[in-house]
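>>> Structure for the following, please:
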Amino acid sequence: MAEVTLVEIEKTFRGKTTVISNLDLEIEDGSFTVLVGPSGCGKSTLLRMIAGLETVTRGAISIGGHDVTTAEPSDRDIAMVFQSYALYPHMTVARNIDFGMRLAKIPAQERQAKVDEAAKLLNLEDLLERKPAELSGGQRQRVAIGRAIVRNPGVFLFDEPLSNLDAALRNRMRVELAELHQRLDTTMVYVTHDQIEAMTLADRIVVLNAGKVEQVGAPMELYQRPETLFVAGFIGSPKMNLITGAVAEAYGAETLGIRPEHIEVGHDRGEWRGRVRVVEKLGSDAFAYVDSEEVGALTVRLPGDVDIRSGDILELTPRHELLHPFDQQGLRLPDDAVANARAIA
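Below is the predicted model:
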C-alpha cells in the first residue's frame with residue numbers, strides 16, 4: 001500500500017492552456033479515493049500525471065514517500081485500468097492476465113500462482129481458457145483488473161473503467177469493485193464523471209471543477225454539507241434545488257439550496273405553493289416537478305405510492321435546519337446564517 005501526495009501541481013498544454021492549477025491533494029494509504037467532476041475539469045489529466053503518462057508542468061508527486069515526479073510509469077509502483085479493456089484478442093484470459101509477468105521474465109510457476117489467485121478473486125476461474133471475444137463486457141473488465149492485480153502495486157488507478165458497460169453491468173461492477181477494495185485493502189484512485197459512482201464507491205471524494213479542488217470529504221459529508229454552490233449542484237441525484245431572488249434573500253443568502261427529500265408536502269398549508277407539472281414514479285420513490293410562484297421550479301421527492309398527479313396544487317415547507325445558504329461567491333455561509341435571518345425576520 002502507499003499514500004499519494006500532490007503538491008502545487010500545475011499542468012499547462014502548449015504553454016498557454018492550463019487545465020490543472022496549483023493543486024494540492026493528499027490521498028491516504030489504503031483509501032478508495034474518487035476524482036469526480038464534469039467533462040473537462042482535469043480529473044483524467046490528474047490521474048495520468050499520477051501514472052506518469054502526462055508530464056507535470058510544475059509541482060511534485062510522491063507515492064509511498066518517494067518522489068516520482070519525473071519517474072517512468074514502470075517505476076511508480078502503480079497499475080492502471082483504462083476505460084477500454086485493451087485486451088489481446090488472440091490470447092486467452094490467462095495469457096492476457098500474465099502477459100506483463102512474462103515480459104518481466106517471472107518464472108512460470110510464480111506466474112501461474114498469481115493468475116490463479118487473481119482469477120479466484122475476480123470469479124474468472126472458469127474463463128481462463130476463453131478468448132476476449134467470448135466474454136461479456138463485465139468479464140473483460142475483470143480480466144483487465146486481473147492484469148493489474150498480478151502486478152501487486154501499491155496504488156491502483158482506474159480511469160472511468162465502467163463507462164462502456166450498460167446500466168445493469170455498471171451496478172454489478174460497482175459492487176464488485178467495492179468488495180475488491182475491501183479484500184485487497186490497497187490504495188485506489190478512481191476517475192469518473194458519474195457522481196452516483198462516486199457516492200457508492202468512495203470512502204473519500206475529490207470534487208474537481210475547472211482544474212481546481214472544490215471540496216474533499218466522505219460521500220455523506222459532501223452530500224449533507226457542500227461547501228460551495230458547485231458541489232451542492234453536482235452531488236446528489238436528482239440535483240439539489242437552488243433558489244435565488246427574494247426568498248433566498250429572506251434567509252440571508254444569495255442562493256438557497258434544499259434537497260428534494262427535505263421538502264415536506266401538504267394540501268392545506270405550507271410556506272410555498274406549487275402546481276405539479278410532472279410526476280415521475282420510480283417504484284420506491286416518486287419525484288414531483290413543481291412550479292412555484294414564490295421560488296420557481298422545484299423537484300420534490302415523495303414515496304413511490306403517493307397519490308399526486310399533474311395539475312395538483314401542493315403546499316410545500318422546507319426543513320429549515322436542512323437549508324444550504326450560499327453567498328455571492330458561491331461559498332457556504334455559516335451554519336447559523338439561516339436561523340439568524342429567520343429570527344430577524
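>>> And for the protein, the residue most distant from the center?
Distance from the C-alpha centroid of the chain, by Cα atoms, centre = their mean, peaks at residue 268 (40.2 Å).
>>> In a strand, it, correct?
No - going by DSSP: H, G, I helix; E, B strand; the rest coil, the assignment for residue 268 is coil, not a strand.
>>> who's in contact with it?
Contact partners of residue 268, counting by Cβ atoms under 8 Å, 6 or more residues apart in numbering, are residue 315. Any C-beta I mention is one placed from the backbone N, CA and C, and that applies to glycine too.
>>> buried ones in stretch 77-90?
With burial defined by 16 or more other Cβ atoms under 10 Å, the residues of stretch 77-90 counted as buried are 77-81, 83, 85, 87.
>>> Assign residue 238 to helix, strand or coil.
Secondary structure, three-state DSSP: residue 238 is coil.
>>> So what's the residue count around it?
Neighbours of residue 238 under the rule other Cβ atoms under 10 Å: 15.
>>> which residues does the residue nearest to it when sequence neighbours are not counted form a beta bridge with?
Among residues not flanking residue 238 along the chain, residue 299 sits closest, at 5.0 Å (Cβ to Cβ, 6 or more residues apart in numbering). For residue 299, the beta-bridge partners are residue 289 (DSSP bridges).
>>> was I right about residue 299 contacting residue 285?
No - checked against Cβ atoms under 8 Å, the pair residue 299 and residue 285 is beyond contact range at 11.4 Å.
>>> higher neighbour count, these two?
Neighbour comparison, residue 299 and residue 285: the larger count goes to residue 299, with 18 against 15 (by other Cβ under 10 Å).
>>> who touches the helix or strand residue 199 falls within?
Following DSSP states H and E, one finds residue 199 within helix 195-201. Identification of contacts with helix 195-201 by Cβ under 8 Å, 6+ apart yields 32, 34, 36, 162, 170, 174, 177-178, 190, 192, 205, 219, 223, 234-237.
>>> returning to what we had before: now do the contacts for the residue nearest to residue 238.
Contact partners of residue 299, counting by Cβ under 8 Å, 6+ apart, are 238-239, 241, 260, 287-290.
>>> Would you double-check that residue 21 falls in a strand?
Yes - secondary structure assignment places residue 21 in a strand (three-state DSSP).
>>> Now do stretch 210-219: everything it contacts.
11, 18-25, 37, 40-42, 198-200, 202-208, 222, 226-228, 230-231.
>>> Could you report the separation of the residue farthest from the centre of the chain from residue 257?
As judged by Cβ to Cβ, to the nearest Å, residue 268 and residue 257 stand 26 Å apart.
>>> before we move on, what about residue 86?
Here the criterion is Cβ to Cβ. By it, residue 86 lies 41 Å from residue 257.
>>> Could you list which residues are in contact with residue 147?
If you count contacts by Cβ under 8 Å, 6+ apart, residue 147 has them with 79, 96-97, 99-100.
>>> So it, which state does it fall into?
The three-state assignment at residue 147 reads helix, by three-state DSSP.
>>> same question, residue 85
coil.
>>> from memory it sits against residue 132, does it?
Yes - Residue 85 is within contact range of residue 132, at 7.2 Å (criterion: Cβ under 8 Å).
>>> Pull up the overlap in contacts between the two.
Counting by Cβ under 8 Å, 6+ apart, the residues touching both residue 85 and residue 132 are 140, 143.
>>> Next, find the distance separating the residue nearest to residue 238 from residue 261.
The spacing between residue 299 and residue 261, counted by Cβ to Cβ, is 10 Å.
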